[in-house]
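**Student:** Show me how the following folds:
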Amino acid sequence: MNMRLIFGIAIVVFMGVSALLAPVIATHDPLEVDLSAEARLQPPSMKHFFGTDNLGRDVYSRMVYGARVSLSVGFIAVAISLLIGLTLGGISGYYGGWVDGVIMRMVEIMYCFPTFFLIMMVITFLGPSIVNVMIVIGLTSWAGLCRLVRAEFLTLRERDFVFSARVQGVSHSRIIFRHILPNAMAPVYVSATLSVGGAILVESALSFLGLGVQIPAPSWGNILTSGKGYMDYAWWLTLYPGLAILITVLSFNLIGEGLRDILDPKMSRAR
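**Tutor:** From the prediction side, this is the model:
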């Protein structure tokens, strides 16, 4: 039994259920503003579990709704990245030749640009929104996955079962999707799981900088932004969203490591 995998899944499931049930478990309207002196910057209490921010909004409710944003960005961005990476990596590794050369040059061009600054540049051009953040993260994070899939295809296409399928006249598309791709997915699962945590970090950083989810819509990143000027006496504005980001990203990393141990027992024994 892999305890890291179980622990990581438990946290992700908890976060996912909390996000889905946000209208039920939130104690206040996350957008409700109360500028009265007694409502602003209240410390954690039974009325406001995580305190209130500088506009009197309930931080706990904003955190719960913010989980929807972070998890949505993580999963959708990685899904886009997977679609591109699997397609280009599979084509490159299976056909080789000039097709492989063209796709690998595209990958090298992607690696020439620092990913985060490329994302910032594109978001600045397109305008900040959650949809743009999802799309841009997905469109700029496929290169590593593409190389991984290509390497698996280069190895698998020389195996006997692929040669046998070719001799029998099986079509290229059937060989790719029925014979090679299922056998190439083990490292892809690990990489994709780790990438979800990375996408959540990128979204949080963009929202912190004002290039992601726009206020007043809640996200963990812009909750951190609202607290950066009050760290001396309103510690809860940075502690709780920071812990949420840390724990969520760590849980996806634990799932990735757990999957790697299960899918690659040799690596697990080597450690």
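
**Student:** how near is residue 110 to residue 209?
**Tutor:** 22 Å (CB to CB, to the nearest Å). All C-beta atoms are positioned from the backbone trio N, CA, C, and that covers glycine.

**Student:** what about the two, which has more around it?
**Tutor:** More crowded of residue 110 and residue 209, by other CB atoms under 10 Å: residue 110, with 17 against 14.

**Student:** which ones are touching the more buried one?
**Tutor:** 140, 142-143 (CB atoms under 8 Å, 6 or more residues apart in numbering).

**Student:** quick one: low-confidence parts of the chain?
**Tutor:** Under the criterion pLDDT under 70, the flagged ranges of the chain are 1, 264-271.

**Student:** Would you map the strands across it?
**Tutor:** Secondary structure of the chain by DSSP state E: no strands are present.

**Student:** before we move on, the earlier item: output the contacts of residue 110 as CSV; include the columns distance to residue 31 and neighbour count.
**Tutor:** Shown next, in CSV, are these (distance: CB to CB, whole Å; neighbours: other CB atoms under 10 Å):
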residue, distance to residue 31, neighbour count
140, 31, 20
142, 35, 25
143, 38, 21
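
**Student:** Helices - which of those residues land there?
**Tutor:** With DSSP state H as the criterion, helices contain 140, 143 from among the contacts of residue 110.

**Student:** Which parts of the lengthiest helix in the chain count as buried, going by neighbours?
**Tutor:** Determined from DSSP H, the single longest helix within the chain is helix 59-95. Within helix 59-95, the residues scored as buried using 16 or more other CB atoms under 10 Å are 59-78, 80-82, 84-86, 88-94.

**Student:** now swap in stretch 251-265 and tell me
**Tutor:** Buried, per 16+ other CB under 10 Å, within stretch 251-265: 251-261.

**Student:** again, but for stretch 200-209
**Tutor:** 200-208.

**Student:** Please apply the same query to stretch 125-133.
**Tutor:** Result for stretch 125-133 [16+ other CB under 10 Å]: buried residues 128, 130, 132-133.

**Student:** Adding distance to residue 46, write those out as CSV.
**Tutor:** Formatted as CSV, these follow (distance: CB to CB, whole Å):
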residue, distance to residue 46
128, 36
130, 32
132, 39
133, 35
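
**Student:** tell me which of those is nearest to residue 52?
**Tutor:** residue 130 (24.0 Å; CB to CB).

**Student:** For that closest one, which non-adjacent residue is closest in space?
**Tutor:** residue 213 (5.2 Å; CB to CB, 6 or more residues apart in numbering).

**Student:** how close does that neighbour get to residue 250?
**Tutor:** Taking CB to CB, one finds residue 213 at 22 Å from residue 250.

**Student:** Neighbour count: these two, which is higher?
**Tutor:** A direct count of neighbours by other CB under 10 Å for residue 213 and residue 250 places residue 213 higher, at 24 against 14.

**Student:** Now do the same contact list for that one.
**Tutor:** 69, 128-130, 133, 203, 207, 219, 221-222.

**Student:** ok, now with 10 Å
**Tutor:** Residues near residue 213 by CB atoms under 10 Å, 6 or more residues apart in numbering: 66, 69-70, 73, 128-130, 133, 203-204, 206-207, 219-222.

**Student:** same question, residue 6
**Tutor:** The neighbourhood of residue 6, defined by CB under 10 Å, 6+ apart, consists of 254-255, 258.

**Student:** and what of residue 192?
**Tutor:** Counting by CB under 10 Å, 6+ apart, residue 192 has contacts 75, 78-79, 81-82, 85-86, 145, 148, 185, 252, 256, 259.

**Student:** do that again at 6 Å, thanks
**Tutor:** Each residue near residue 192 by CB atoms under 6 Å, 6 or more residues apart in numbering is listed here: 78, 82.
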